[in-house]
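Peer 1: Next comes the sequence, and after it the predicted model I'd like to discuss.
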Amino acid sequence: MPPTMYKLSVPAFIRGFSALGGLFDKAEAFASEKGMPLAELFDARLAPDMLPLAGQIQRASDTSKNAIARLTKIEAPRFPDEEQSFAELRERIAKTVAFLETVQPADLEGSENRDVTLSFPNLKVAFTGEDYLLQFVLPNFYFHVTTAYDILRHKGVPIGKADYIGGLG
């Protein structure tokens with residue numbers, strides 16, 4: 001059976017958020033062990049023009065839930081980007097996952113042919129649903145999850161590839 005839009009999206013998003021939870025566990029333990037304020041990790045960024053850790057989580061959340069909304073008739077919840085702690089980022093992840101868990105495979109049936117248009121400053125891009133998911137959503141989601149990993153790794157948190165990939169069982 002070929003992959004479905006559901007299998008390519010919802011489980012991938014949930015797995016990414018699960019990996020982020022594990023990264024947060026290690027980051028909090030590292031900060032505690034080193035006597036480092038959590039704000040040093042929370043506000044860290046790789047470059048001055050990049051979003052900090054919190055922004056990476058917010059964008060991963062928005063990317064996943066808005067993709068489902070664009071590919072279905074389900075309205076995505078809106079979360080203000082006001083998180084100020086790891087606990088609040090965890091709460092945002094939990095609310096995002098709770099929303100994703102309401103999505104059923106049938107909700108995404110036929111969405112590969114749905115027209116999706118994104119508007120950027122000075123640019124409009126039209127996709128089929130399949131191209132939107134494969135060419136924009138998944139790369140964007142993984143960019144933000146990877147950047148969150150990279151920020152924590154750059155700050156010295158002892159994480160590795162297995163932490164990013166997550167459990168394979």
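Peer 2: Received it, and whenever you're ready, just let me know what you need.

Peer 1: mind checking how far the longest helix along the chain is from the chain centre?
Peer 2: Ordering each helix of the chain by length in residues (DSSP state H) puts helix 5-34 first. Centre-to-centre, helix 5-34 and its host chain are 9 Å apart (C-alpha atoms, centre = their mean, to the nearest Å).

Peer 1: need the next SSE after it, C-terminal direction.
Peer 2: Per DSSP states H and E, the first helix or strand lying C-terminal to helix 5-34 is helix 38-42.

Peer 1: what helices or strands is the helix or strand just after that next one leaning on?
Peer 2: For helix 38-42, the following helix or strand on the C-terminal side (DSSP H and E) is helix 53-71. Helix 53-71 is packed against helix 5-34, helix 38-42, helix 86-102, helix 138-154, with contacts defined by 3 or more C-beta pairs under 8 Å, 6 or more residues apart in numbering; DSSP states H and E. Where C-beta positions appear, they are placed from N, C-alpha and C, glycine not excepted.

Peer 1: If we use 10 Å, what do you get?
Peer 2: Judged by 3 or more C-beta pairs under 10 Å, 6 or more residues apart in numbering; DSSP states H and E, helix 53-71 is in contact with helix 5-34, helix 38-42, helix 86-102, strand 115-120, helix 129-131, helix 138-154.

Peer 1: Turn those into CSV, columns for mean neighbour count.
Peer 2: CSV is the format used below for the helices and strands packed on helix 53-71 (neighbours: other C-beta atoms under 10 Å):
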stretch, mean neighbour count
helix 5-34, 18
helix 38-42, 16
helix 86-102, 16
strand 115-120, 11
helix 129-131, 17
helix 138-154, 19
